[in-house]
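Student: need a structure here:
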Amino acid sequence: MWIIGLILAILLIVFAAYTRLKKWYWFFLKIKSLLRTFFGNRKEETTNGSNTQVAEVRATNSQPNGLFAKASFSTNASFTNTQTAETSDAVNIVETSELLKKVRKIEIKTRGLSQHLFSGDYHSTFKGRGMSFSEVRGYQYGDDVRNIDWNVTARAGETHVKVFEEERELTTMLLIDVSGSSFFGSVAQLKSNILTEICAVLAFSAINNNDKVGVIFFSDKIEKFIPPKKGKKHILLIIRDLLEFKPEKKGTDIAKALQYLNNVCKKRAIVFVLSDFSSKNYDDALRIAARRHDVIGINLSDKLERELPDAGLIRVRDAETEQEFWLDSSNRQIRQNYAQFYADTYTYFKNTFMKCGADQITMDTAEGYVGALHKFFKAR
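Tutor: Numbering: from 1, shown residues only. Modelled structure (predicted):
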């Protein structure tokens, strides 16, 4: 009897195992079918070679294939976006690297000039606001007797004099024209590039004398204001802005720049206005600024701005108004009017600065700026 029971138990165990194995068997068959479908679509994608063709082929398949097609397309799109982002990052890194190289190149060139050529000239040209006590030392032949410190002399039993030094806490402001006409040049460099180097030389000369440096970028509006600070890091940031700054406007309004200077800079400062001075009507603003500050105008021009060549019928564009028109440069009267316009503008610049008691420097893009700056510092 117990044998029959054992046999029945074994049969039940076998039946249960068979049922469970059958379920697992159908499950594995289903998984195999799905895997075959997936890898079949991957091969089909490789064969066709095009995402559009793959999408069309998979869209005609059954429902599971369609789902896998969408998943594959999404993966491809994600990969493309990632690749585009990586390319964009690489471009940004290259652009930053190139910018740093330009900044470093300008720093090496202009810092050397400021240390070897203009450091002493700058110091002697722009005096401090007064004298401050430095120390007491023994009397030397030639010392002013009015500087004898009688208290120290009485205590030490020897003659001592007070030593004074100039207060060098000055502020240098650079007003830089970034209008459309500054991005012009018929020689190796644009006017904007030359202005960048001039600003760097002046800035390094200023910090070598422990002065602060600030910048105002202007067109026919105030584009950007950098408050005066000290230090090499500050100067390098200014050079970076000079290289990559893109103005919003293209016109020129020197009066607005001078008015803004009078509002933000209350204490006396050394002010360099760097421009081609293509606009007028800034005499009132300059007069007010020159009363408070030491103003120097640096006029940078190009030969093609002064004289129009005889080149026949040419198409020209106004860099500030962006108007384009045809011009017959072979017409002598047109060339004379062109030259007269520049002459009138330059005469206004020269007379206005002279009447207001401000200094002026005239530069040419073909001649360089080192000689002009050196001559100016020596003359001062």
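Student: In the protein, what residue spans correspond to strands?
Tutor: 131-138, 160-166, 171-177, 212-218, 222-229, 270-275, 294-301, 313-317, 324-328, 359-364 (DSSP state E).
Student: which of the residues in stretch 239-259 are buried?
Tutor: Residues 239, 241-242, 247, 249-259 are the ones in stretch 239-259 that count as buried (16 or more other CB atoms under 10 Å). Where you see a C-beta, it was placed from the backbone N, CA and C, and this is true even at glycine.
Student: Please apply the same query to stretch 147-166.
Tutor: Per 16+ other CB under 10 Å, stretch 147-166 contains these buried residues: 148-149, 152-153, 160-162.
Student: farthest-separated two in these?
Tutor: Spatially, the most separated pair among these is T153 and K162, at 10.7 Å (CB to CB).
Student: on that earlier part again, ok, of the buried residues of stretch 147-166, which one's closest to I361?
Tutor: Taking those together and measuring to I361 by CB to CB, the closest member is K162, at 38.5 Å.
Student: if I read this right, the closest one contacts N147, doesn't it?
Tutor: Yes. If you go by CB atoms under 8 Å, K162 and N147 touch, sitting 4.9 Å apart.
Student: if we can go back for a sec, of the buried residues of stretch 239-259, just say which sits nearest to T347.
Tutor: I254 (15.5 Å).
Student: so that closest one sits right up against S278, yeah?
Tutor: No. Between I254 and S278 there is no contact under CB under 8 Å: 9.0 Å.
Student: and F272, what is it in contact with?
Tutor: Shown in contact with F272 (CB atoms under 8 Å, 6 or more residues apart in numbering): 172-175, 199, 202, 296, 298.
Student: Relative to G371, which of those residues is nearest.
Tutor: Distances from G371 to the contacts of F272, taken by CB to CB, are shortest for I298, at 13.4 Å.
Student: I207 versus the closest one, what's the distance?
Tutor: 19 Å (CB to CB, to the nearest Å).
Student: Of the two, which one has the most company?
Tutor: Of the pair I298 and I207, I298 is the one with more neighbours under other CB atoms under 10 Å, namely 27 against 19.
Student: neighbours around S181, how many?
Tutor: 24.
Student: residues contacting it?
Tutor: Contacts of S181 by CB under 8 Å, 6+ apart are 191, 252, 276, 278, 319-320.
Student: out of everything not next to it in sequence, what's closest to it?
Tutor: A319 (4.7 Å; CB to CB, 6 or more residues apart in numbering).
Student: Look up phi and psi at that neighbour.
Tutor: Main-chain torsions, A319, degrees, to the nearest 10: phi -70, psi -20.
Student: Which residues are in contact with it?
Tutor: Applying CB under 8 Å, 6+ apart, the residues near A319 are 179-181, 183-184, 250.
Student: Try it again at 10 Å.
Tutor: Residues near A319 by CB atoms under 10 Å, 6 or more residues apart in numbering: 179-184, 250-252, 278.
Student: For these, work out which two are farthest apart.
Tutor: Most distant of the contacts of A319, by CB to CB, are F184 and G251, 14.4 Å apart.
Student: sorry, back to before: need the overlap of contacts for K162 and N147.
Tutor: Counting by CB under 10 Å, 6+ apart, the residues touching both K162 and N147 are V136.
Student: hmm, back to that, list just the nearest of the contacts of A319 to Y348.
Tutor: S278 (10.4 Å).
Student: Cool, thanks, signing off.
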